[in-house]
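Peer 1: after the sequence you'll find the predicted model.
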Amino acid sequence: MRGKILDLLRQSGDRYVSGEEMAEKLGVTRTAVWKHIQELRSSGYEIVSHSRNGYSLRESPDSLLASEISHGLNTELVGRLIKNFQQVDSTNNVAKQMLIKNGPGGWKKLDGLVVVAESQTGGRGRLERSFFSPAGTGIWFSLVLCPPFAPQEAPKCTLLAAVAVTEAMREFGLTPGIKWPNDIVYEGKKLVGILTEAGCDIDRIKHIVLGIGINANIKEEDFPEELRGKATSMEIMKGEPVPRVKFLQAVLRSLEKWYKTALEKGFTPVLEAWRKYSVTLGQEVRVIGIHGGDEFTGRAVDIDSYGALLVEKDGEIRTVMAGDVSIRPKK
């Protein structure tokens, strides 16, 4: 109902809309309209009222509300269902719980679902690392997809997400790069983390949850001491805050564009775009296997058709499917 009231206020522009007119159009009482107006105000909407003329919307908050994100989004699949929260442990966990609740017969209903939160208390990155997710300054969200892909293509969905976010940032005048496989960085500092979790059968993916954490408007002094020098934000890069709702909309549109590309043409265009934005290829890298396994250094030369990193060491090409890869400083 609040979304419908917002639509009426937006459609009216600077004109006032009476409570009676809204009540009649929406089939509710004037008291119900008044209560929803109060709730919208408490959510940060500046709605002025006039005893004779009614209500007028003057300003919307830059809060990650479903009503704001969906307004003007214009996507077909991604974001067709949006759930926003003030605080969660992890948006990926919330998305997975919703998948469990709906069961196998209801997964398709959640195809394109976006779960977004103002803050996370248990945000996670790759290799079970914690992810700094403060309130009101970042964009922490998860996207559910039910693609017709084989299980071995799940890692390529991570590369797809990295390409989509990178392109959205370039729309906003920023020029980050992608560090294999899925960190988006600027001048060696991390901007975005992506965690992909997939539910698979032997021959197909049932669903994928893409968890994406974007350091939007975090100030340098607000990063924990251990992250200073390692992480940055879009605000630090631009020298001014980024409108979070508009940027998230750009990311969702870019995700839909690249997802459609993968569905129609396969992942070859995605891999080509990833190579274009990569800051890893051509660099001397240090590779540490999962759980402190095999460790070696070499030159990152390419990614293969599965998204694995190809590293040349002593004239031999080694394939890195997973692990921790760091770029070694040039001597």
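Peer 2: That came in fine, so what should we check first?

Peer 1: what ranges do the helices span in the stretch 151-300 of the chain?
Peer 2: Using DSSP state H, counting those that start in this stretch, the helices of the stretch 151-300 of the chain run over residues 154-171, 234-238, 244-265, 268-277.

Peer 1: got TSV for these, with mean pLDDT too?
Peer 2: Listed next are the helices of the stretch 151-300 of the chain as TSV, based on pLDDT from 0 to 100:
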stretch	mean pLDDT
helix 154-171	95
helix 234-238	93
helix 244-265	97
helix 268-277	97
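
Peer 1: deepest of those, which one?
Peer 2: Comparing the helices of the stretch 151-300 of the chain by mean neighbour count (mean count of other C-beta atoms under 10 Å), helix 154-171 ranks first with a mean of 23. All C-beta atoms are positioned from the backbone trio N, CA, C, and that covers glycine.

Peer 1: relative to helix 268-277, how tilted is it?
Peer 2: Taking axes from the mean of the first three to the mean of the last three C-alpha atoms, to 10 degrees, one finds that helix 154-171 is oriented at 60 degrees with respect to helix 268-277.

Peer 1: longest strand anywhere in the chain?
Peer 2: Longest strand of the chain, by residue count under DSSP state E: strand 189-200.

Peer 1: still on that earlier bit, which among the helices of the stretch 151-300 of the chain is found nearest to Ser42?
Peer 2: helix 244-265 (18.1 Å; C-beta to C-beta).

Peer 1: how far off centre is the closest one?
Peer 2: Computed by C-alpha atoms, centre = their mean, to the nearest Å, the chain-centroid distance of helix 244-265 equals 10 Å.

Peer 1: with just CA atoms, put that helix into CSV.
Peer 2: Output of helix 244-265 as CSV, limited to C-alpha atoms (Å, rounded to 0.1, in the frame of the first residue of the first chain):
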residue,chain,number,x,y,z
ARG,A,244,23.3,4.5,-3.4
VAL,A,245,19.8,3.8,-4.8
LYS,A,246,20.7,5.0,-8.3
PHE,A,247,24.0,3.1,-8.2
LEU,A,248,22.3,-0.1,-7.1
GLN,A,249,19.8,0.3,-9.9
ALA,A,250,22.7,0.6,-12.3
VAL,A,251,24.2,-2.6,-10.9
LEU,A,252,21.0,-4.5,-11.2
ARG,A,253,20.5,-3.4,-14.8
SER,A,254,24.0,-4.4,-15.6
LEU,A,255,23.6,-7.8,-13.9
GLU,A,256,20.4,-8.4,-16.0
LYS,A,257,22.2,-7.4,-19.2
TRP,A,258,25.1,-9.8,-18.7
TYR,A,259,22.9,-12.6,-17.4
LYS,A,260,20.8,-12.3,-20.6
THR,A,261,24.1,-12.4,-22.6
ALA,A,262,25.2,-15.6,-20.9
LEU,A,263,21.8,-17.2,-21.5
GLU,A,264,21.7,-16.2,-25.2
LYS,A,265,25.4,-16.5,-26.2
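
Peer 1: circling back to that earlier point, what comes into contact with the longest strand of the chain?
Peer 2: Taking C-beta atoms under 8 Å, 6 or more residues apart in numbering as the criterion, the residues outside strand 189-200 that touch it are 92, 96, 99, 124-126, 131, 151, 154-155, 157-158, 161-162, 165, 169, 176, 182-185, 205-215, 229-234, 237.

Peer 1: by how many degrees do it and helix 154-171 diverge?
Peer 2: Strand 189-200 and helix 154-171 meet at an angle of 140 degrees, taking the same axes, to 10 degrees as the criterion.

Peer 1: next, the buried residues of strand 189-200.
Peer 2: Buried residues in strand 189-200, counted by 16 or more other C-beta atoms under 10 Å: 189-199.

Peer 1: and for stretch 38-46?
Peer 2: 40, 45.

Peer 1: which SS state does Gly122 fall under?
Peer 2: coil (DSSP: H, G, I helix; E, B strand; the rest coil).

Peer 1: quick one: contacts for Val114?
Peer 2: Counting by C-beta under 8 Å, 6+ apart, Val114 makes contact with 69, 78-79, 81-83, 141-144, 252.

Peer 1: identify the farthest-apart pair in these.
Peer 2: Checking the contacts of Val114 with C-beta to C-beta, the most distant pair is Ile69 and Val144, at 15.2 Å.

Peer 1: name whatever forms a beta bridge with Ile139.
Peer 2: Counting by DSSP bridges, Ile139 is bridged to Ile214.

Peer 1: closest to the centroid, which residue in this structure?
Peer 2: A centroid search over the chain (C-alpha atoms, centre = their mean) returns Ile212, at 4.0 Å, as the residue closest to the centre.

Peer 1: just checking, that residue touches Ser142?
Peer 2: Yes - with contact defined as C-beta atoms under 8 Å, Ile212 reaches Ser142; the gap is 7.2 Å.
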